[in-house]
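>>> quick one: sequence and predicted model below, then my questions.
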Amino acid sequence: MNGSTRRGLAAPYALVTGYAALLAIGTVAAALHGRFPATGVLIAAAAVVTAWSFAAEPLAVIPLAVVGWLTAVGFSHPPYAQLRVTGPQAGNAAVVMGGCALAGGALGLLMRWLANRPILESVGAGSDAGQPATGPGQVGKGPEQLTGGQPAAGYGALMVKAAYAVGARRALLGVLLAAIGLPLLTALLVLARPHLSLTDDLLIYLVAVVTLAVIGGFWPAVLAAASASLLLNWYFTPPLHTFTIDKPDNLLALLLFVTVAVAVSSVVHLAASRAREAARSREEARSLLELAQTVLGGADTPAVVLDHLVQTLGGQAELLENVSGRWVPIAASGSAAGGTPVTRVGVRSDLALEVSGQPSPIPPGLLAGFAAQTAAALDRARLRTQAAQAEALAEGNRMRTALLAAVSHDLRTPLASIKASVSSLRQTDVAWTEADQQALLATIEENADRLDGLIGNLLDMSRLHTGSLQPFLRPIAVDEVAPVALRGLDAPADLRLGVPDGMPLMLADPGLLERVLANLFSNALHHSPPGRPPALQAHRAGDTIVLDVIDHGPGVPDELKTRIFEPFQRFDGRKVGVGLGLAVARGFTEAMGGAIVAADTPGGGLTVRITLPVATRSAESMQGAES
């Protein structure tokens, strides 16, 4: 049900059509030359006034009653030009028209109130904190609840807008101009009476009324038309200075003047109303466009959408969800004074949007758009959360599968070697030579070192995966950590260290950097050919220290240079290790605020480059404060 049906037929339509109907009654009465009795004219005019008062908005009742009274008095009996505003007939017509107008208007208001009562009762201020104004059964009705909220929140404001489509200030200006300009115009026309006819006066007054309609809108123009018709009757229609009209054409001219003036005022009013509606539609479209840009820009959480609603419309907005029969707030924005009317729009059976405290009623289409976008943002946020959880579960499953594979193969192999060697040494029926014993012990030691390295990498990867790694950064030198990492390898290693003199300190965790370099050294030694040992070269590049671990092995194709840092990746066909060394190196380096990349070595091979920040004084003081 739209606003026009709730308020009744708009005055511009009601007055123009009502005046035309009353003018038709008068014209028929005059054309029949007395065969249309006075009672018939009174009944016909009363019927028109009653019907139009019932259908029209309340503001149109009084002008309809006045013109109906003029029709009943002026066309009751011949001569129809004798407009007698006093006497029994005029008094009876006034009573009948007034009673019909009041009865029709009151009955129309009652019928419209009864028709809108269920919608109006569905919206109101909540009684308890955190509880919506309407019950669970009323949520999900959609935009109907929206339109019901408008009369409760601002019916008076809507009536004012309907009455003054051009704005209250211009309407007031029109009334003031009518009060001042019409008397002045009348005085000028009285002075020019010998030179002007009644037709000239009517046209001049019509121009004045149209001008007032353009300036002040519909109701000031109606007031000006009524005042101008009275002034014309008193000053310019014989007999002068009475409201009696002795010529039929003069009476018809006055009635046509009023009808035309009201019709022109209606056109101006409707044009202003359409302009206001167009401006409001543009504003709604702009707000929805801004909302769409906000959502498409990635800021599509329910809180962000509600913040945009409050910034655009003011007041308070809250998204509610029905959880086990209770309405629970999910997101809210803004604030509103207690006791303010609450408007709810149901998105679906379990979600509702409530707004309150807005300075003016919210257009239903705009609020429905905000409600739909808020619900969609909530669904997207939950889907993102579920997707992240599913990804975490998938990653965890992948990690567990890989760990099981590592335990089943890479860990069992050295354990089997250790067990076989120990069992051989414990045999009493075999006499082992000294060389045999040393070989078995070397096998035990080698496989124990392999187990230690594998378990260390697995534990390091577990720390990275769970997010429990907390690096302690402090200024350190490259030549302090690199030898320690080299000594911690399984076997004696030939690796060249190229650290120039005067190399500044870098900001890193010594233990983590040692593990990073140890894994990179081990990888480089495994791939370096005999006679071409790997090397570590360090240099400064701006505010960073660059460490290059260089080997001259087979290298890595470009499409695999990023994948080699992923867990459980082995691209060389080796069966030793679980493919965690480079993944641990990348995780530790990034935890220290650095970066690690792979590149080709000139002449063949692979270069793994580590970049760490230079330890400045501010960084040193910061780390000292943290310690």
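Sure, I can see it.
>>> all strands of the stretch 451-600 of the chain, in order?
474-476, 496-498, 506-508, 535-541, 544-550, 595-600 (DSSP state E, counting those that start in this stretch).
>>> of the ones you listed, which shows the lowest average pLDDT?
Ranked by mean pLDDT, the strands of the stretch 451-600 of the chain end with strand 496-498 at the bottom, a mean of 86.
>>> what lines up beside it in the sheet?
Strand 496-498 sits in its sheet next to strand 535-541 (parallel), going by DSSP bridges.
>>> pull the partner strand out as CSV, backbone CA atoms only.
What follows is strand 535-541, C-alpha atoms only, in CSV (Å, rounded to 0.1, in the frame of the first residue of the first chain):
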residue,chain,number,x,y,z
ALA,A,535,80.3,-21.1,-1.0
LEU,A,536,78.7,-18.5,1.2
GLN,A,537,79.1,-14.9,0.0
ALA,A,538,77.9,-11.8,2.0
HIS,A,539,77.5,-8.2,1.0
ARG,A,540,75.6,-5.1,1.9
ALA,A,541,72.8,-3.7,-0.3
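>>> ok, residues contacting it?
Defining contact as CB atoms under 8 Å, 6 or more residues apart in numbering, one finds that strand 535-541 is touched by 478, 482, 495-500, 503-504, 517, 521, 545-550, 611, 614. No exception for glycine: its C-beta is placed from N, CA and C like everyone else's.
>>> quick revisit: among the strands of the stretch 451-600 of the chain, which is nearest Gln438?
Closest approach to Gln438 among the strands of the stretch 451-600 of the chain (CB to CB): strand 496-498, 30.9 Å.
>>> got a list of contacts for the closest one?
Contacts for strand 496-498 (CB under 8 Å, 6+ apart): 479, 482-483, 486, 533-538.
>>> how distant is that strand from the center of its chain?
In this view, strand 496-498 has its centroid 60 Å away from the chain centroid, taken as CA atoms, centre = their mean, to the nearest Å.
>>> so the residue nearest the centre of the chain, which of the three states?
Geometric centre of the chain, nearest residue: Val305, 3.5 Å, by CA atoms, centre = their mean. Following DSSP: H, G, I helix; E, B strand; the rest coil, Val305 is assigned to helix.
>>> about what we covered before: closest one to Ala332 out of the contacts of strand 496-498, please.
Nearest to Ala332 among these, with distances taken as CB to CB, is Ala538, at 55.5 Å.
>>> quickly list the domain ranges of this protein.
1-123+138-162, 164-271, 281-385, 387-463, 469-626 (automatic domain parsing).
>>> do I have it right that Gly8 meets Leu59?
No - Gly8 is beyond contact range of Leu59, at 9.2 Å (criterion: CB atoms under 8 Å).
>>> partner residues bridging the closest residue in space to Glu590 that isn't next to it in sequence?
Distance criterion CB to CB, 6 or more residues apart in numbering; nearest residue to Glu590, sequence neighbours excluded, is Ile596 at 7.4 Å. Beta bridges link Ile596 to Ile610, judged by DSSP bridges.
>>> Ile596 and Gly325, how far apart?
55 Å (CB to CB, to the nearest Å).
>>> looking at these two, which is more packed in?
More crowded of Ile596 and Gly325, by other CB atoms under 10 Å: Ile596, with 21 against 6.
>>> sorry, back to before: which one of the strands of the stretch 451-600 of the chain lies nearest to Arg276?
strand 595-600 (59.9 Å).
>>> overlap of the contact sets of Gly8 and Leu59?
By CB under 8 Å, 6+ apart, no residue touches both Gly8 and Leu59.
>>> who's more crowded, the two?
Comparing Gly8 with Leu59 by other CB under 10 Å, the one with more neighbours is Gly8, at 23 against 20.
>>> dihedrals phi and psi, the closest residue to the more buried one other than its chain neighbours?
On the basis of CB to CB, 6+ apart, the spatially nearest residue to Gly8 that is not a chain neighbour turns out to be Glu57, at 4.0 Å. Dihedral angles of Glu57 (phi, psi; degrees, to the nearest 10) stand at phi -70, psi 160.
>>> would you mind measuring from Glu57 to Arg276?
From Glu57 to Arg276 the distance is 17 Å (CB to CB).
>>> more neighbours: which of those two?
Legend: neighbour count by other CB under 10 Å for Glu57 and Arg276, higher for Glu57 (23 against 14).
>>> thinking again about what came up before, ChimeraX command to pick out the buried ones of the contacts of strand 535-541?
The command below creates a ChimeraX selection of those among the contacts of strand 535-541 that count as buried (16 or more other CB atoms under 10 Å):
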select :478,482,495,499,517,521,545,546,547,548,549,550,611,614
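>>> what helix or strand is the nearest residue to Val268 once chain neighbours are set aside located in?
Nearest residue to Val268 in three dimensions, chain neighbours excluded: Ala213, at 4.3 Å (CB to CB, 6+ apart). Using DSSP states H and E, Ala213 falls within helix 198-216.
>>> and that helix, what's buried?
Buried, per 16+ other CB under 10 Å, within helix 198-216: 198, 201-202, 204-206, 208-216.
>>> how close does Arg474 sit to Gly511?
11 Å.
>>> try Thr616
22 Å.
>>> also Ala477?
In terms of CB to CB, Ala477 sits 15 Å off from Gly511.
>>> for the two, indicate the residue with more neighbours.
Using other CB under 10 Å, the more surrounded residue of Ala477 and Gly511 is Ala477, with 16 against 13.
>>> residues contacting that one?
So Ala477 contacts 503, 505-506 (CB under 8 Å, 6+ apart).
>>> let's see it at 7 Å
If a contact means CB atoms under 7 Å, 6 or more residues apart in numbering, then Ala477 has Leu505 as its contacts.
>>> got a pLDDT number for it?
91.
>>> do Gly156 as well
Confidence score, pLDDT, at Gly156: 41.
>>> same question for Pro504.
Reported pLDDT for Pro504: 91.
>>> just Gly181 next, same as before
At Gly181, pLDDT is 89.
>>> output the below-cut-off pLDDT ranges for the stretch 501-627 of the chain.
567-580, 617-627 (pLDDT under 70).
>>> and Ala224, which of the three is it?
helix.
>>> thinking again about what came up before, would you format the strands of the stretch 451-600 of the chain as TSV with distance to Ala30 included?
Compiled in TSV, the strands of the stretch 451-600 of the chain are given as follows (distance: least, CB to CB, whole Å):
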stretch	distance to Ala30
strand 474-476	110
strand 496-498	119
strand 506-508	105
strand 535-541	105
strand 544-550	103
strand 595-600	100
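>>> of all these, which lies closest to Ala178?
Nearest to Ala178, of those and by CB to CB, is strand 595-600 at 79.6 Å.
>>> next, the angle strand 544-550 makes with the closest one.
Counting by axes from the mean of the first three to the mean of the last three CA atoms, to 10 degrees, strand 595-600 points 40 degrees away from the direction of strand 544-550.
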